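Chemist: Build me a structure from this.
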Amino acid sequence: MSRILIVEDEAAIAELVAINLRHAGYEVSIASDAERATESVDRMLPDLVLLDWMLPGQSGLALVKAWRSGARTKALPIIMLTARADENDKLAGLDGGADDYLTKPFSTKELLARIRAVLRRKAPQALDDAVEVAGLREVKVGPTEFRLLHFLMTHTERVHSRAQLLDRVWGDHVFIEERTVDVHVKRLREALAPVNGAQLVETVRGAGYRMTQSQPQPA
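Modeler: Next up, the predicted model:
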């Protein structure tokens, strides 16, 4: 489940976009200005940002340039979603670092298509493509457990430390303790138990966790 941050000061527009994105299966958060957007990204990197140009205080274009200049955020996928339809504005947005530029009013279908295109191009690991390991394909889990499971299933037979999992799954979240990983691994195993998949997530003592592709043979 990909995480999208909507940066939009018009509450009605932000909520409308959020409803459509959630309906499409995305996890959504909203920031009403550049300051709140910066705080949100500092807490946890989203998989993509939908960014309005005209915001209270700092403009969306200035925010793009700030993120592109930071080592942690330079590759952050960004789509500008704005009423500024002039060609020079579009060029300024793209030259400033936005990955795509969509003008209001917009089609929901086109917005979703552009989101998928940017994620496919810049963050293919964030797409929710079906992955199968040892017969395990579909299971109902929470958003965080889904991201953890997806990462483990796409990096099987490798030992990942808690710090590595925090960075890759939680998006470099600065306030999460490493022991939080243990809690979510426990929840993931509980979710996998009904489909006989709990044993696929192995604890490697003193090192971290690993997902194996081989089901243990019955005694």
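Chemist: How far does stretch 24-43 sit from its chain's centre?
Modeler: Centroid displacement of stretch 24-43 relative to its chain, using C-alpha atoms, centre = their mean, to the nearest Å, is 11 Å.
Chemist: same question, stretch 93-103
Modeler: 19 Å.
Chemist: again with stretch 153-169
Modeler: Relative to the mean C-alpha coordinate of its chain, stretch 153-169 is positioned 16 Å out (C-alpha atoms, centre = their mean).
Chemist: One more: stretch 57-66?
Modeler: 21 Å.
Chemist: try stretch 91-98
Modeler: Worked out by C-alpha atoms, centre = their mean, stretch 91-98 lies 22 Å from the chain centre.
Chemist: just stretch 185-203 next, same as before
Modeler: 23 Å.
Chemist: go on, stretch 177-191?
Modeler: On C-alpha atoms, centre = their mean, the centre of stretch 177-191 falls 19 Å from the chain's centre.
Chemist: what's the average pLDDT for that stretch?
Modeler: Taken as a whole, stretch 177-191 has a mean pLDDT of 88.
Chemist: Contacts for that stretch, please.
Modeler: By C-beta atoms under 8 Å, 6 or more residues apart in numbering, the surrounding residues in contact with stretch 177-191 are 139-142, 144-145, 148-149, 162-163, 165-166, 198, 201, 203, 209. Bear in mind the C-beta positions are built from the backbone N, C-alpha and C, glycine included.
Chemist: of the residues you listed, buried ones?
Modeler: Val141, Thr144, Glu145, Leu148, Leu149, Arg162, Leu165, Leu166, Val201, Tyr209 (16 or more other C-beta atoms under 10 Å).
Chemist: Flag the least confident of these.
Modeler: Val141 (70).
Chemist: how near is that residue to Trp170?
Modeler: Val141 sits 15 Å away from Trp170, taking C-beta to C-beta, to the nearest Å as the criterion.
Chemist: ok, the buried ones among the contacts of stretch 177-191 vs Glu27, which is closest?
Modeler: Nearest to Glu27 among the buried ones among the contacts of stretch 177-191 is Thr144, at 9.5 Å by C-beta to C-beta.
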